[in-house]
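[1] whatever this is, show me its structure:
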Amino acid sequence: MRNEAVRLERLQRRLTNDALRDEIMKAVADGRVPPVMVSEPEVERLGKGDELERVLGVNELEAIVRRVGRPPLLVENDRVVMQPLPEFAAGTDALINGAESYVASVGRVEFVNHEMQWGGTGWVVAETTATTRTIVTNRHVAKLVAARVADGSGVFLRSPGGIRYGAQIDFKEEVHSNPGAAEPIEVTKIIYLADDASPDVALLQIEGKPGLPSALPLAEEEAEEGQRVALIGYPAYDTRNDKDDQARYFQGVFEVKRFAPGFVMQALRGKRALTHDCTSLGGNSGSPLISLENKKVVGLHFSGKYGLENHAVGVGTLTRLLAGDRPSGRASGQVEKATTEAVDGSHPATFFVGRQGYDPAFLGKKLAATWPGLDAGTEKLLAAPSDAKDEQPFELRYTHFGVKYRADRKQPLMTAVNIDGEHSVRVKRTRDKWFADKRIHADIQLTQEDYSDPQIDRGHMVRREEANWDVAATSGVDVTKVAKGANVDTFHYPNAALQHSLLNQGKQLWQGLENYILDSARTKGFKACVFTGPVFRPDDPNLTEELLIPQEFWKLVIMPASGGRKLHATAYLLSQGLLIRDLLEKRSRVEAVEGFVLGPYRTFQIAVADLADATGYDLSTYIPADPLGAARIGDEAAATREPAFVPLESFDQLVI
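    From the prediction side, this is the model:
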């Protein structure tokens, strides 16, 4: 099966037979993959012919190789139900009986919140603890509900409606088994999810009670040609295989555990693939290929061609993956980006002598605007500059602003800037030149090459105009030195985050909000403190194998309230709605699973308390100063813990 699979049932609910055929052909033309497992009556509706074969991919994936002589034996109560095996040597039935103990360690990979109930087969390959096991299946099975991230592991995706997918392993699902007696085991972690250019393998972790099934032993050597082997898995009715062949072999019983004996057709050597002729159908993906002669696993089944051969990943690959070896990632070529930028430079620690960084007392002694609080786990991820001060050990200090930098993501965790609208200085922008900051290691900083993709911008966390001010701006002396220094400081890589170009365009998005704040400060001559940062997620999309692109950014604006005796705080979010949906889920709000749809990128005003809850940062100083949060005190939203947010179509909608 493939992760782009289009479920036939969805089309059938609204189309006649002829229209259905047209719709499926359109799906193929559009690059979507049609159904892989459908019922026999559905095939009757579609009919036969070249178009159907093209649509349903008869020559791809799971396959019956030998039309006779390879019966997929039923399993009942963890025992194989024997049939005559005339094409196998005498004693094969005894070998099958000797491998029966392995049947209980093979399960069906079932999905949670997905339109497909299940997707393939998985089996215990390692025993981690008394209550955890490692399951191996195919990448193309796991990718139906998960995506690969930078370190090679995987994370569960979400449905189009925003509900998080999940997976579980059901070790039963046998013929005559009681569906109500099933006790599937939850998949709690995706340990490894292969890249598309690597062997078709995924490693999952399950957790349950003591007494979980045992691991199947792996062979020390690759399978040999002619070796007697068997698949254990869950074949389902598969339109890519001949209807009569399926009727003869399966007699209308599908989607239950079967034990399918056969032979190795070709051994794994050099450019020669491991092939076998055990009977399989859609649903066998991820089945163990077990040597009947030495009672050990010699491969992981993953595909086949009807009437020709089935394919398996060799046992050597499985052994290496379990040992922690990972295939080398493909080199991803960069699109050359037209630019007039100067070549990157770097500044030593001595360049920053005298930089004061962010001033929490900028708004007044009784109006302290302190950095958001971080827990110990988050602080461990921060880079410590060589000139750190005891009171702020993780602050990279620049002119009028500071940066706390997350080393593992090679991007800022957050920035803090003091804005003085009364003393703003407009510094003319010239040819951009970016610099590394040698107060932290160069290997945790990005470079010009990392931003070579034309769709990726350097997202200034502190914009140059925000820091460009000088208290001597009205004194008649040289007012450009401080402002120019601040301008240069904003062009250091620790002040930039990876940002898709679509996020930073339009007056209703981030740039519009930033311009509104700065223009208001200049026009009205007020002071403000602004904290900004990305929202880091483990499932952020990859730019390269190591670099992940944040999908959301937050901003917290602090200024004196009217009268100047207390603080005024407002929070903002640049997002499709991911963080808001997370809050709904966290608070068990049904909106999260009842039609929540991610829209285009836009700016939201969000309650400071909700921003704190979503990010985990301590913003308790600012929660009482938030007019949006105050507006809901005592109302229904507060009582139900519903997140407070305002999608901003214009700045007239701001709650200030």
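[2] what bridges to Asp420?
    Lys527 (DSSP bridges).
[3] okay, now it: neighbour count?
    Applying other Cβ atoms under 10 Å, we find 22 residues neighbouring Asp420. Where C-beta positions appear, they are placed from N, C-alpha and C, glycine not excepted.
[4] that one and Glu465, how far apart?
    Distance, Asp420 to Glu465, by Cβ to Cβ, to the nearest Å: 12 Å.
[5] next one: Lys295
    Relative to Glu465, and taking Cβ to Cβ, Lys295 is found at 72 Å.
[6] so between these two, which is more surrounded?
    Glu465 (23 against 15).
[7] so what's that one closest to, chain neighbours aside?
    Spatially, and ignoring its direct neighbours in sequence, Glu465 is nearest to Leu518 (5.6 Å; Cβ to Cβ, 6 or more residues apart in numbering).
[8] ok, now which ones touch the one you found?
    Ile419, Gly421, Ser424, Arg463, Glu465, Glu466 (Cβ atoms under 8 Å, 6 or more residues apart in numbering).
[9] which of the residues in the strand or helix carrying it are buried?
    Using DSSP states H and E, Leu518 falls within helix 510-524. Across helix 510-524, burial judged by 16 or more other Cβ atoms under 10 Å covers Trp510, Gln511, Gly512, Leu513, Glu514, Ile517, Leu518, Ser520, Ala521, Arg522.
[10] average model confidence for that helix?
    Helix 510-524 comes out with an average pLDDT of 73.
[11] report the distance from it to the chain centre.
    From the chain centre to the centre of helix 510-524 is a distance of 34 Å (Cα atoms, centre = their mean, to the nearest Å).
[12] show the backbone phi and psi for Thr378.
    phi -70, psi -40 (degrees, to the nearest 10).
[13] can you check the one 10 residues further on too?
    Backbone dihedrals for Ala388, given as degrees, to the nearest 10, come out at phi -60, psi 150.
[14] and Asp93, by the same measure?
    phi -60, psi -40.
[15] ok, now the one 3 residues further on?
    Recorded main-chain torsions at Ile96 are phi -60, psi -40, according to degrees, to the nearest 10.
[16] how near is it to Arg463?
    71 Å.
[17] and if you look at Glu545?
    Glu545 sits 30 Å away from Arg463, going by Cβ to Cβ.
[18] pick out whichever of the two has more residues nearby.
    Higher neighbour count among Glu545 and Arg463: Arg463, with 21 against 17, using other Cβ under 10 Å.
[19] what sits against the closest residue to the more buried one other than its chain neighbours?
    If the residues on either side of it in the chain are set aside, Arg463 comes closest to Glu514, at 5.8 Å by Cβ to Cβ, 6+ apart. Counting by Cβ under 8 Å, 6+ apart, Glu514 makes contact with Arg463, Glu466, Lys555.
[20] go again with 10 Å.
    Neighbour list for Glu514: His460, Arg463, Glu465, Glu466, Asn504, Val530, Thr532, Lys555, Tyr572, Thr603 [criterion: Cβ atoms under 10 Å, 6 or more residues apart in numbering].
[21] could you point out which element follows the worst-scoring helix or strand of the chain on mean pLDDT?
    Lowest on mean pLDDT, DSSP states H and E among the helices and strands of the chain sits helix 50-56, with a mean of 36. Remark: after helix 50-56, the chain's next helix or strand is strand 73-76, criterion DSSP H and E.
[22] can you list the domains in this protein?
    Domain assignment for the chain by automatic domain parsing gives 1-57, 105-207, 345-653.
[23] chain center to the helix or strand where Leu396 lies, what's the gap?
    Leu396 belongs to strand 395-397 when assigned by DSSP H and E. Relative to its parent chain, strand 395-397 has a centroid offset of 31 Å by Cα atoms, centre = their mean.
[24] show me what the helix or strand following it is packed up against.
    Next along the chain after strand 395-397, taking DSSP H and E as the criterion, comes strand 401-406. When contacts are defined as 3 or more Cβ pairs under 10 Å, 6 or more residues apart in numbering; DSSP states H and E, strand 401-406 packs onto helix 376-379, strand 395-397, strand 411-420, helix 480-489, strand 527-535.
[25] save those as CSV, and put in mean pLDDT too.
    Shown next, in CSV, are these (pLDDT from 0 to 100):
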stretch, mean pLDDT
helix 376-379, 96
strand 395-397, 97
strand 411-420, 96
helix 480-489, 90
strand 527-535, 93
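[26] of the ones you listed, which is nearest Tyr306?
    strand 527-535 (47.4 Å; Cβ to Cβ).
[27] tell me the angle the closest one makes with strand 411-420.
    170 degrees (axes from the mean of the first three to the mean of the last three Cα atoms, to 10 degrees).
[28] where do the strands sit along the stretch 101-250 of the chain?
    Remark: strands assigned in the stretch 101-250 of the chain by DSSP state E, counting those that start in this stretch are 106-112, 118-129, 132-137, 146-148, 154-156, 166-170, 185-193, 202-207, 228-233.
[29] weakest of those strands in terms of mean pLDDT?
    Looking at these, the weakest mean confidence is strand 146-148, a mean of 88.
[30] can you give the strand pairings for that strand, parallel or anti for each?
    According to DSSP bridges, strand 146-148 forms sheet pairs with strand 154-156 (antiparallel).
[31] which ones are touching the closest residue in space to Ala219 that isn't next to it in sequence?
    Distance criterion Cβ to Cβ, 6+ apart; nearest residue to Ala219, sequence neighbours excluded, is Lys296 at 4.0 Å. Counting by Cβ under 10 Å, 6+ apart, Lys296 touches Ala99, Tyr102, Leu216, Pro217, Leu218, Ala219, Glu220, Glu221, Ala223, Pro288, Ile290, Val315.
[32] do the same with Gln605
    Here Gln605 is in contact with 513, 555, 570-573, 626-628, 644-648, 651, 653-656 (Cβ under 10 Å, 6+ apart).
[33] now, the residues you listed that are in helices?
    Those of the contacts of Gln605 mapping onto helices are Leu513, Pro627, Leu628, per DSSP state H.
[34] closest one to Ser280 out of the residues you listed, please.
    Among the ones in helices among the contacts of Gln605, and counting by Cβ to Cβ, the member closest to Ser280 is Leu513, at 55.7 Å.
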